[in-house]
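# Sharing a model prediction with you, sequence too.
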Amino acid sequence: MWRATMAFVHVAVAVFSLLSVGQSAPVTGCESLIQPIEIQGRDQLLGNWTYLAESTDITGSKFLTKMFVESAWGKITAGDESDAINHYQAQKMFGQCFSITIKLILENSTLSMVQPYTASAILLNTGCTDCLVLYSKYTTGGGNYSGLQLLSRRSKVSAAELQEFMKQVECLNLPSPAILDPEKGFCPDESPSQETETIDVTSLMNDMGSDVLNLFSKITGRDGGLNMLIKLLSSDIAGLKQN
């Protein structure tokens with residue numbers, strides 16, 4: 001169960017972390033920093049992207065991301081329909097690899113998703129020429145949430161580029177972001193690997209839908225709930241390492 005829960009939690013807060021368009025010169029004020037960018041077409045979104053930082057208002061998401069998630073990357077490919085995008089995401093947690101593939105629809109510069117839960121996202125202005133800053137809205141039976149993610153073609157951005165993202169987080173009144181560490185290495189791509197097994201949680205998450213995210217929100221929203229969840233997950237991880 002811990003595999004399903006943790007894979008869902010991080011994908012739930014990062015799954016919309018998609019890709020870059022041609023960006024403008026450096027920006028500083030909040031008005032410019034939170035300005036949406038028009039997406040000219042899906043071709044400018046295609047390719048590989050590294051997840052570098054994220055902030056969400058889901059209770060406990062930053063702490064759990066920093067504690068358990070080592071690194072994450074995504075690959076965007078064109079779908080069968082002209083407005084469809086396939087997003088493969090691989091994330092490294094507890095020294096193991098988890099992956100999910102989702103379908104997104106691009107319409108009027110907005111990326112939309114139905115499974116495993118309802119969400120939409122837009123791109124925001126950034127001075128980083130090979131980065132993407134993506135502002136997402138998640139809707140579940142338990143409420144509405146927001147998130148901001150930073151991705152890049154590179155595995156690491158400059159201090160100034162990261163500082164700009166943190167200012168965008170502040171402008172949107174979101175919590176301080178969790179920063180992922182590319183030095184911890186990445187999961188392999190979709191091809192089979194004898195060295196690292198990748199656990200595909202696509203079907204599991206689609207079946208569970210928003211139920212797991214709702215349960216997660218209820219647990220972390222209680223007094224002591226986050227500590228209880230951490231103890232449970234830590235115990236399960238310790239048991240796994242002994243096997």
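Looks like it arrived, so ask away. Numbering: from 1, shown residues only.
# Tell me which helix or strand in this structure has the weakest average pLDDT.
When the helices and strands of the chain are scored by mean pLDDT, DSSP states H and E, helix 2-14 comes last with a mean of 42.
# Show me which positions of the helix or strand following that helix end up buried.
Counting by DSSP states H and E, the next helix or strand C-terminal to helix 2-14 is helix 30-33. The neighbour-count check on helix 30-33 (16 or more other CB atoms under 10 Å) flags 32, 33 as buried. In short, each C-beta sits where N, CA and C put it, glycine included.
# Export only the CA atoms of helix 30-33, formatted as CSV.
The C-alpha trace of helix 30-33 is given here as CSV (Å, rounded to 0.1, in the frame of the first residue of the first chain):
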residue,chain,number,x,y,z
CYS,A,30,4.6,40.0,-9.8
GLU,A,31,2.5,41.2,-12.6
SER,A,32,5.1,39.9,-15.2
LEU,A,33,6.0,36.8,-13.1
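# which helices and strands sit right next to the longest strand along the chain?
In the chain, taking DSSP state E as the definition, the longest strand is strand 96-107. Using 3 or more CB pairs under 8 Å, 6 or more residues apart in numbering; DSSP states H and E, the elements in contact with strand 96-107 are helix 2-14, strand 84-93, strand 110-113, strand 198-200, helix 202-208.
# rerun at 7 Å
Helices and strands touching strand 96-107, by 3 or more CB pairs under 7 Å, 6 or more residues apart in numbering; DSSP states H and E, are strand 84-93, strand 110-113, strand 198-200, helix 202-208.
# which residues sit against it?
7, 11, 15, 39, 42, 79, 83-91, 111-113, 115, 187, 196-202, 205 (CB atoms under 7 Å, 6 or more residues apart in numbering).
# Parallel or antiparallel, list what pairs with that strand.
Paired strands of strand 96-107, with direction, are strand 84-93 (antiparallel), strand 110-113 (antiparallel), strand 198-200 (parallel) (DSSP bridges).
# Name the residues of the longest one that are buried.
The neighbour-count check on strand 84-93 (16+ other CB under 10 Å) flags 85, 87, 88, 89, 90, 91, 92, 93 as buried.
# Now render the residues you listed as a markdown table, adding pLDDT and distance to residue 105.
Shown next, in a markdown table, are these (pLDDT from 0 to 100; distance: CB to CB, whole Å):
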| residue | pLDDT | distance to residue 105 |
| --- | --- | --- |
| 85 | 93 | 8 |
| 87 | 91 | 11 |
| 88 | 92 | 16 |
| 89 | 90 | 17 |
| 90 | 90 | 22 |
| 91 | 87 | 23 |
| 92 | 87 | 28 |
| 93 | 81 | 28 |
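# Tabulate those in CSV, adding columns for distance to residue 159.
Listed next are these as CSV, based on distance: CB to CB, whole Å:
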residue, distance to residue 159
85, 31
87, 29
88, 30
89, 26
90, 27
91, 25
92, 24
93, 27
